[in-house]
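Peer 1: need the 3D shape of this:
(4 chains)
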4 protein chains.
Amino acid sequence: MTDTGERTLKAGIVGGTGYAGVELLRLLTAHPRVQLHCITSRGEEGRAVAELFPNLRGLLDLEFTAPSTQRLAECDLVFFATPHNVAMHAVPELLEAGTRVVDISADFRLRDPDLWARWYDEAHACPELLAQSIYGLPELNRQRIADARLVGCAGCYPTAIQLGFMPLLEQGLVDEQHLIASAASGASGAGKSAKVPMLLAEAGESFKAYGAGGHRHLPEIEQGLSDIAGGPAHATFVPHLIPMVRGIHASLYARLRDTGDSLDALQQLYERRFADEPFVDVMPPGTHPETRWVRGANHCRLAVHRPGDGDTLVVLSVIDNLVKGASGQAVQIMNIMFGLAETQGLEQPGLMP
Amino acid sequence: MTDTGERTLKAGIVGGTGYAGVELLRLLTAHPRVQLHCITSRGEEGRAVAELFPNLRGLLDLEFTAPSTQRLAECDLVFFATPHNVAMHAVPELLEAGTRVVDISADFRLRDPDLWARWYDEAHACPELLAQSIYGLPELNRQRIADARLVGCAGCYPTAIQLGFMPLLEQGLVDEQHLIASAASGASGAGKSAKVPMLLAEAGESFKAYGAGGHRHLPEIEQGLSDIAGGPAHATFVPHLIPMVRGIHASLYARLRDTGDSLDALQQLYERRFADEPFVDVMPPGTHPETRWVRGANHCRLAVHRPGDGDTLVVLSVIDNLVKGASGQAVQIMNIMFGLAETQGLEQPGLMP
Amino acid sequence: MTDTGERTLKAGIVGGTGYAGVELLRLLTAHPRVQLHCITSRGEEGRAVAELFPNLRGLLDLEFTAPSTQRLAECDLVFFATPHNVAMHAVPELLEAGTRVVDISADFRLRDPDLWARWYDEAHACPELLAQSIYGLPELNRQRIADARLVGCAGCYPTAIQLGFMPLLEQGLVDEQHLIASAASGASGAGKSAKVPMLLAEAGESFKAYGAGGHRHLPEIEQGLSDIAGGPAHATFVPHLIPMVRGIHASLYARLRDTGDSLDALQQLYERRFADEPFVDVMPPGTHPETRWVRGANHCRLAVHRPGDGDTLVVLSVIDNLVKGASGQAVQIMNIMFGLAETQGLEQPGLMP
Amino acid sequence: MTDTGERTLKAGIVGGTGYAGVELLRLLTAHPRVQLHCITSRGEEGRAVAELFPNLRGLLDLEFTAPSTQRLAECDLVFFATPHNVAMHAVPELLEAGTRVVDISADFRLRDPDLWARWYDEAHACPELLAQSIYGLPELNRQRIADARLVGCAGCYPTAIQLGFMPLLEQGLVDEQHLIASAASGASGAGKSAKVPMLLAEAGESFKAYGAGGHRHLPEIEQGLSDIAGGPAHATFVPHLIPMVRGIHASLYARLRDTGDSLDALQQLYERRFADEPFVDVMPPGTHPETRWVRGANHCRLAVHRPGDGDTLVVLSVIDNLVKGASGQAVQIMNIMFGLAETQGLEQPGLMP
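Peer 2: Purely as a prediction, here's the structure:
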């Protein structure tokens, strides 16, 4: 694609009525190179997108259309912003038509179809595609993403957790069999579907863990951590629900193999590792990243602590679950796939306060 | 100023450590024509701006400097994002030096120095400038703002309230002696200073009115409503504190002079009045605007209701108190003053959810 | 009923799975005179109440049972904590069996069956009972409540609004044709049913009005205000949704007939009017009541303001929507009906912060 | 003390203007045996307590008085609800006068004065009393509390964490050298003092860790865990700030020594251990306790998980930081010290929702 400075990248969105959808619309509307060709929704067919999402009034003149492979196949790229179990039924046909696909859902993240089946309680619809799907974490897979036809975007918790553990596991500095990820998310992570426990009157002014016995993000996390470590890694992952809308915070605990590694050296390791990463920001020593520092932004901000100079490291990692944890990551991946500047359309500062 | 497409407008900020300051930085950083020349803070001199505001890390390479008239005078435009009672001491010298000024504080909003003195408990420092200061509400004063040397930006509540009542008062359709503005703001409206009642543990999970007996925004509101009405107007204004960070919501009540005016006709009046306003959005009949629809955006979204076809109209008006209610408005005013496209740097969609 | 100091008042609850239900359980569990005989729920039959409401673990050993008129008829009193359109089908049989009824839902508040039908989109199931049902606002109807067989508890918004306007309307001091009630509620007011707009991710960190064109509480409010005024009264009522769980705040605006009435005199009027009311607290002049001041308590706290000594009065009124706005009021009514001390079981202080 | 059923226990409160103070007042006001003799505050001398805390209006007729040892010495028991560094200066004199003391602050929790000095940056004022002060965690020290003259109440985080680990450490089932406590608190935990980071506009709608490198609660936690384990125990403790008012949630991670211990056996261990504890509630397997389940209540609710049947256990523990984490615990301790029923005054259910 020649960089003509025009909106020449034709993009489609399947399932644009949820939170990943509206966030994708927010980002693509402001992206100088993307032309939104179509956005599909069975339930909202014919309705103006800006009617459902008033923040887009005046900025986006598009209607939801019924899903149509033909129309989607006219796109250079189709994003799936659907619940799991949708993309895997539609993707094969699109790929055949020559359209590239970025799936924000969980359908193409795991390489092992049996693992997928175990956690999602049904067989995968196109297990043969899992092998060619690229796991969409640019900091891990940038080059393979560039050439990919199909990318399964890294999930929200997995992104915050993998980036946080990455330098330690790459260098083999910690016990990769006993990683602990105590993480927490705002309520938008649960999606825009009506469930009693996600009511403001239930989830507001309270805090709880969920899925402590086993959560669907765990196999993705362990697959990614193992890839990074170059061998099997195991994590205890406990997600929590924060009484707020946006943001993920991961508190990561790992045991150093060699307590001779100083905090200074570890800080430098992190800084070097991410020096060229446009969206990973290693904070100065002693920092406690706040989720609001990345609200609306595609950044992951990290800090490394070593309490009491002991053998347990603490890494703190924050992202916006809807941006770097979903739609921003998808746009970053699109930029890589189509040879655009990786930060294009993703440079606006976060909203603070 | 020739539109060369370069960052040729040199801007300075006085008092950039508060919420209006960081919001101005967020907007100007992304503004294609503005070059930030300096930002002053006595308390934070020498500190990197992005250290105080981590959302700007990597996007802004600037330090706070001590206030210096000489350095500020090198700017084409200086913004004051200070508490009241600061700008009025520094502005005269800057104007003399040929620098234009947009004051986000309350120092240059009221034309009557006695009124200022009564509400702010001290004499105004440069009453002679009040006469030439232009009240910074573009929808009311666009042409005069274009030529102004000094603009006192409309306040947050006053903006939401004036825009809401504007068409009714311009047409003389309602009793302008008994307007009621029951409005509410998120906690960022109180600024970034440490006060017990603004603690999360005090203001969270609760709702209250304040200043019901008389609030400093009232004289500004009544001055503005009177200007719009073309004669004295009186309002009862009760602000409330919402347990959230950003956003203003105004519920406006006015009595129709002639109950023959249909809601349809009123809706059309609003739509016509604001048809050419890039930042005022009249919602379809029956809508209830939500503050999150304008989070981070410079829009005011309005809806008109007439309960039970009675003689009392209800107008609902929402803005982001830090954008259209402060720094976004200041940028819009800057655009007007310097002949830029009025929406430049202000086109990003709001953050929803 | 002889006051033996024992738990001799047998009470039943129909529909105990919602917020009014759990609040009633919280209050009755701690009430020294009430023995909970049964609590019904079709959906939760056989489940321990404390399993659904873990705050009651160890304090309440009771299971939900299927609704049974026979079992309910063994009670001295049955509370209905159901959505509207349930009580009206079950109450006639219970009354015939000699059981008294306190309905927290909307079925027995309006005296006019046509009005009910218009706002609830169906015919009332037992219009003949509306005439004998007593409107459950103790401050208005204490004596009639004492003798009642059937009481329709005043709703949440209507309670805050009627108490706030009461002294003014009783004395005929304000224009009762143009009352304005700008009120706001926490999300628990919408009940415990799964609806997208009530999700934390939708309603959190935002503020909006709803039902501005006409809300089901309006006819109840106008019926009550008219009863108080001794003739037709009209109000403009706009409810708002606060991003929090509990609490109602009403900002009431009324125009004085005679501006000679001083604020002092009005303050005294309020204090005298409510001097003997155990649950209405007139705050000192200049106060702005906060909803957290009544969290978990059965009090209504009021303050009277007269901005700029003008002709528009502002009354601020707060209650806990689940206590004085629902289940606390129901317990207060029960106390009155059975000759107990009116404050029994309702004396615990609110939870602040 | 003979149980006459009258309010014969004379209690005093030093420093009643903070959150532990108002919570103590809420609980003692409703306690049938306690007569509040005096409450001191230098800053609020002469002011009615209910003026500062409107939730107590009508329930408490008491004024703040200047601190007076003489007056305090008339009490059977004095509570200190002060910041650290106050009680240690006043307690010696009171003890000499024969008054017993329950200190809610941190002055008498650590036994080692050097440790205290290191974490609080000053020498302890009465190190000789540390040896006789009893650590106020009833589940650990009930008998010694009964006989104590001076009790240093367990802190909020330490209570949630010690109760959670207790059965495991008592039985030596886990590696006590590598315990991890990832915990989170509502904003009231930071006290009622004006600090910018605790403003609603800063701490609202965001989540962050703090003190990851070392927090003042750590030495107390490790002292307690070591006492329980019967030998040195080490923990990594990372506290987090939740955007809400009340509640503490601790997610505890420990490595099993013997993976042969089944989750069933561990569940039973917990249930047996706390079977007679009135305020520790072991939830059924699979439960995720929510902080709102204990809002306003003195309970700690626990759940045990063993993800993937691996060697890492997860214990979830919730308390209300102001009740079981401060003032409720103090009342429980008072009950034990004076031979009252341990649950007296602490039996009201939590406020949910």
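
Peer 1: just the pLDDT for residue A:343.
Peer 2: Residue-level confidence at residue A:343 comes out at 97, pLDDT.

Peer 1: can you tell me the closest non-neighbouring residue to it?
Peer 2: Distance criterion CB to CB, 6 or more residues apart in numbering or on different chains; nearest residue to residue A:343, sequence neighbours excluded, is residue A:278 at 5.0 Å. To be clear about C-beta, it is placed using only N, CA and C from the backbone, and glycine gets the same treatment.

Peer 1: what's the burial count for that neighbour?
Peer 2: Neighbourhood size, residue A:278 [other CB atoms under 10 Å in any protein chain shown]: 17.

Peer 1: residue A:132 versus residue A:109, what's the distance?
Peer 2: Distance, residue A:109 to residue A:132, by CB to CB, to the nearest Å: 13 Å.

Peer 1: who has more neighbours, the two?
Peer 2: residue A:109 (25 against 12).

Peer 1: quick check: which element contains the more buried one?
Peer 2: For residue A:109, there is no host helix or strand (DSSP states H and E).

Peer 1: for it, what are its contacts?
Peer 2: Residues in contact with residue A:109, defined by CB atoms under 8 Å, 6 or more residues apart in numbering or on different chains, are A:133, A:135, A:136, A:152, A:153, A:154, A:155, A:158, A:220, A:223.

Peer 1: do the same with residue A:317
Peer 2: Applying CB under 8 Å, 6+ apart, we find residue A:317 in contact with A:160, A:161, A:163, A:164, A:249, A:250, A:252, A:289, A:300, A:301, A:302.

Peer 1: my read is it is in a helix, agree?
Peer 2: No. Counting by DSSP: H, G, I helix; E, B strand; the rest coil, residue A:317 is not part of a helix but strand.

Peer 1: quick check, residue A:127 in contact with residue A:113.
Peer 2: Yes. Using CB atoms under 8 Å as the test, residue A:127 is close enough to residue A:113 to be in contact (3.7 Å).

Peer 1: element containing residue A:335, please.
Peer 2: Secondary structure from DSSP H and E places residue A:335 in helix A:328-337.

Peer 1: give me the domain ranges for chain A.
Peer 2: Chain A is divided into the following domains under automatic domain parsing: A:9-132, A:157-320.

Peer 1: that older thread, let me know the closest of the contacts of residue A:109 to chain C.
Peer 2: Of all the contacts of residue A:109, residue A:155 has the smallest distance to chain C: 17.2 Å, by CB to the nearest CB.

Peer 1: just checking, that closest one touches residue A:107?
Peer 2: No. Using CB under 8 Å, residue A:155 is not in contact with residue A:107, being 11.4 Å away.

Peer 1: re the thing from before, okay if I get the contacts of residue A:109 as CSV plus secondary structure and pLDDT?
Peer 2: Converted to CSV, these look like this (DSSP: H, G, I helix; E, B strand; the rest coil; pLDDT from 0 to 100):
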residue, secondary structure, pLDDT
A:133, coil, 97
A:135, strand, 98
A:136, strand, 98
A:152, strand, 98
A:153, strand, 98
A:154, coil, 98
A:155, coil, 97
A:158, helix, 98
A:220, helix, 97
A:223, helix, 98
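
Peer 1: quick check: the farthest pair among these?
Peer 2: The most widely separated members of these are A:133 and A:158, with 14.9 Å between them, by CB to CB.

Peer 1: got a list of what residue A:59 touches?
Peer 2: Going by CB under 8 Å, 6+ apart, residue A:59 touches A:29, A:50, B:347, B:349.

Peer 1: mind checking what secondary structure it has?
Peer 2: Three-state call for residue A:59 (three-state DSSP): coil.

Peer 1: now the helices for chain A?
Peer 2: A:19-29, A:49-52, A:69-73, A:87-96, A:113-120, A:127-130, A:138-146, A:156-170, A:200-203, A:217-229, A:263-273, A:328-337 (DSSP state H).

Peer 1: counting neighbours, what do you get for residue A:30?
Peer 2: When counting by other CB under 10 Å, one arrives at 18 neighbours for residue A:30.

Peer 1: quick one: residues contacting it.
Peer 2: A:345, A:348, B:347, B:348, B:349.

Peer 1: right, I'll call it a day here.
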